[in-house]
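# 3D model of this:
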Amino acid sequence: MLTHTEWATPLSRNSSEPEPRTACQNGKLKILNSGKDFLIQQLRQERNGFFDKFLARCQPEMGELETKLLQLEAPQGSQANVNDA
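Model prediction:
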């Protein structure tokens, strides 16, 4: 494994071409970044799937709680109107 000093080798000052070692490091960094991007995308998909399943499972309970709340807030004489809706 390369150390930080080996990864941080600057470009050759005498030419516009990077040293072969630096070109290899750039290639490794591109591969590493691609791997990180792939992992982040996978984690996002997993998280979204988790929340979709969670919300789908909680939706009926939320509807029941909303109905109960409307019944509590309704005046005593209009409970029949809430049940009709």
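# would you list every one of the strands in the chain?
For the chain, applying DSSP state E gives no strands.
# Any regions of this structure where pLDDT drops low?
1-18, 77-85 (pLDDT under 70).
# Give me the helices and strands touching the helix ranked longest in it, please.
Assignment by DSSP state H gives helix 20-73 as the longest helix of the chain. Applying 3 or more Cβ pairs under 8 Å, 6 or more residues apart in numbering; DSSP states H and E, we find helix 20-73 packed against helix 4-7, helix 79-84. C-beta here means a position set from N, CA and C on the backbone, and glycine is covered the same way.
# switch to 7 Å and redo it
Helix 20-73 sits against helix 79-84, with contacts defined as 3 or more Cβ pairs under 7 Å, 6 or more residues apart in numbering; DSSP states H and E.
# Run through the residues that contact Q45.
Residues counted as contacts of Q45 (Cβ atoms under 7 Å, 6 or more residues apart in numbering): none.
# So it versus E66, what's the distance?
According to Cβ to Cβ, to the nearest Å, Q45 stands 30 Å off from E66.
# Thanks a lot, catch you later.
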